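[1] dropping the sequence and predicted coords here.
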Amino acid sequence: MCGIAGIKGANGIALKNMLTKLNHRGPDDEGVYLGDSFSLGMKRLAIIDLLTGHQPIWNETKTLCVFLNGEIYNYILLKKQLQDKGHIFTSNSDTEVIVHLFEEFGHNCPSYLHGMFSFCIYNVINNELFLARDRFGEKPLYYYQSNDQFAFSSEINSLLESGLIKRTLNQSAVYDYLAYGLTFDHSTLLTNVFSLPQGCSATYKNNSFKIIPYFKINYSSEETYTNKKQTLTIGKNLLYKAVEKQMISDVPIGAFLSGGIDSSSIAAVMSELSPTKIKTFNVEFELAFFDESAIARKVSRYIHSDHTEIFIPNQTFSERIFWDILSHVGQPFIDSSAIPSYLVSEEIKKHVDTLITIPNQRLLSIAGRNTSLIDTFRKADDILYQAVKGISDL
């Protein structure tokens, strides 16, 4: 999962405190850059390039360094293109692609990336900090700005350890949260603490923070598909490509297999693309209104996966679980599905480090901090439905 953090100025103590709060996101490694103008760091969960993927990663002239939280799915293609242009790589990490891409295309570099990411690049020469977040805001990135103070982190809980924030309630955001269940304009419940918008990059230089959108969804299409078979074939191809991109890893990848058409289709595609047996997981709660484990078992046998059934007994919702969830989310969260998601993740973590699953639409719409995303994910759900229906029909 990883996590990144940074604070303006030479402040190693504050950075250490911020990174400590990100330990759960990256238990495998820690990297820091301590300079006069910025103190930057990250906690790493090693997925790609386990041996030489230590961060920060620098360009050839040691003038640019990058810290990444996430995965770049098209990094192999980008690496080849950059090498053809003369860039020299010292690792097999997807992170290194970003710093060379920035050398080549500057602030436009995020538009070339396919994946889920939040990252920062520090330019030693002009003392500029560049931040970016993926197109749909899968990876979080929060920041605090007030006068000449600035800090950022993957989690609010970590950001609070900067020592800069007075923890004053944002009264307007509290009203929005109580009325609608989320906050608007990428604000949070804390004054002067914001979430970098999805599909945006930002620069911080000379006490000025400027946000620049690099992606906007275009719903128009030059082609109209009226033939059902053609539409389903295109949907199937898109699904195969999407799953294949997310299977790039140097550690085992699992799949959540609920037995429904969506997770079953993704697991089936993974099984077809993988040279070895994939690991699938099904979760059964003690007192559930319905049980899909039998269906998941049949799917597992059909795709020949290494299947694990996890039984979670009913338990009284404890205060400890409440605070554990809240500490990760960083602020109140209205969706009760965070509770079973937390319990399931605790169990699956014992088997694999990363998992491909269908995200909960409500979680995504809230996490995006933007109501325009709700329609986006509804459209995405429709596309996925047609794609998996095409697989089941063909």
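    Done, it's in.
[2] helices of the protein, start to end?
    Secondary structure of the chain by DSSP state H: the helices cover 12-20, 75-84, 94-105, 156-159, 171-180, 228-246, 261-273, 293-303, 319-329, 338-348, 361-367, 372-393.
[3] flag the shaky bits of the stretch 101-250 of the chain, pLDDT-wise.
    Low-confidence segments of the stretch 101-250 of the chain, defined by pLDDT under 70, are located at 221-226, 249-250.
[4] tell me which of the helices of the chain lies nearest to Thr203.
    Nearest to Thr203 among the helices of the chain is helix 94-105; the distance by CB to CB comes to 11.8 Å. (Glycine included, C-beta is placed from N, CA and C.)
[5] buried set for the closest one?
    Residues Asp94, Thr95, Glu96, Val97, Ile98, Val99, His100, Leu101, Phe102, Glu103 are the ones in helix 94-105 that count as buried (16 or more other CB atoms under 10 Å).
[6] and it, C-alpha only, in PDB?
    Extracted as PDB, the C-alpha positions of helix 94-105 are listed here (Å, rounded to 0.1, in the frame of the first residue of the first chain):
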ATOM      1  CA  ASP A  94       8.000   1.400 -11.600                       C
ATOM      2  CA  THR A  95       8.900   4.400  -9.400                       C
ATOM      3  CA  GLU A  96      12.000   5.300 -11.400                       C
ATOM      4  CA  VAL A  97       9.900   5.700 -14.600                       C
ATOM      5  CA  ILE A  98       8.200   8.700 -13.000                       C
ATOM      6  CA  VAL A  99      11.400  10.700 -12.400                       C
ATOM      7  CA  HIS A 100      12.700  10.200 -15.900                       C
ATOM      8  CA  LEU A 101       9.200  11.000 -17.300                       C
ATOM      9  CA  PHE A 102       9.300  14.200 -15.400                       C
ATOM     10  CA  GLU A 103      12.700  15.000 -17.000                       C
ATOM     11  CA  GLU A 104      11.200  14.500 -20.400                       C
ATOM     12  CA  PHE A 105       7.700  16.000 -20.100                       C
END
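[7] which elements pack onto that helix?
    With contacts defined as 3 or more CB pairs under 8 Å, 6 or more residues apart in numbering; DSSP states H and E, the secondary structure elements packing on helix 94-105 are strand 57-58, strand 64-72, helix 75-84, strand 115-123.
[8] now do 10 Å
    Packing partners of helix 94-105 (3 or more CB pairs under 10 Å, 6 or more residues apart in numbering; DSSP states H and E): strand 57-58, strand 64-72, helix 75-84, strand 115-123, strand 128-133.
[9] between that helix and strand 64-72, how big is the angle?
    Per axes from the mean of the first three to the mean of the last three CA atoms, to 10 degrees, the angle that helix 94-105 makes with strand 64-72 is 120 degrees.
[10] let the chain start at 50 from now.
    Sounds good: first residue 50 from here, last item helix 143-154.
[11] and helix 143-154, how far out from the chain middle?
    Distance, stretch centre to chain centre, for helix 143-154: 19 Å (CA atoms, centre = their mean, to the nearest Å).
[12] that older thread, of all the helices of the chain, which one is nearest Phe258?
    Of all the helices of the chain, the one in closest proximity to Phe258, counting by CB to CB, is helix 205-208 (14.6 Å).
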